[in-house]
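Undergrad: have a look; sequence and predicted model below, questions after that.
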Amino acid sequence: MLGNKDFDDKTSEFQYDRGWYSITDIIGEERNTIYKSKNAQEAYMKWNVYIGRKKERMSPEERRKLREEQRKERKNK
């Protein structure tokens, strides 16, 4: 196990096993894998976003759309 985080109603685990990184939610006896990847960098980023340590990064396309919306709002004021 690489890390775990306790939330109000569940526990989340970040694990590495046989070349796979995974994020698993544990609620009582039930285990739900919510993310699985072989890419270490992507997996660590997802874990940090999931536990609230970092904000998720927007893709360049999402940033472009956001900027366009903000420009339209400024023009309408």
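TA: Nice, thanks for sending it over.

Undergrad: from here on, contacts and neighbour counts on C-alpha atoms
TA: Fine.

Undergrad: could you pull out the helices for the protein?
TA: 40-50, 60-76 (DSSP state H).

Undergrad: least reliable of these going by mean pLDDT?
TA: Ranked by mean pLDDT, the helices of the chain bottom out at helix 60-76, which scores a mean of 84.

Undergrad: just the CA trace of that one, in PDB.
TA: The C-alpha trace of helix 60-76 is given here as PDB (Å, rounded to 0.1, in the frame of the first residue of the first chain):
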ATOM      1  CA  PRO A  60      -5.500  22.900 -22.800                       C
ATOM      2  CA  GLU A  61      -8.800  22.600 -24.500                       C
ATOM      3  CA  GLU A  62     -10.700  23.100 -21.200                       C
ATOM      4  CA  ARG A  63      -8.600  26.200 -20.300                       C
ATOM      5  CA  ARG A  64      -9.300  27.700 -23.800                       C
ATOM      6  CA  LYS A  65     -13.000  27.200 -23.300                       C
ATOM      7  CA  LEU A  66     -12.900  28.800 -19.800                       C
ATOM      8  CA  ARG A  67     -11.000  31.800 -21.100                       C
ATOM      9  CA  GLU A  68     -13.500  32.300 -23.900                       C
ATOM     10  CA  GLU A  69     -16.400  32.200 -21.500                       C
ATOM     11  CA  GLN A  70     -14.700  34.700 -19.200                       C
ATOM     12  CA  ARG A  71     -14.000  37.100 -22.100                       C
ATOM     13  CA  LYS A  72     -17.700  36.900 -23.100                       C
ATOM     14  CA  GLU A  73     -18.800  37.600 -19.600                       C
ATOM     15  CA  ARG A  74     -16.500  40.700 -19.400                       C
ATOM     16  CA  LYS A  75     -17.900  42.000 -22.700                       C
ATOM     17  CA  ASN A  76     -21.500  41.600 -21.500                       C
END
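
Undergrad: tell me which residues in it are buried?
TA: Residues of helix 60-76 classed as buried by neighbour count (16 or more other CA atoms under 10 Å): none.
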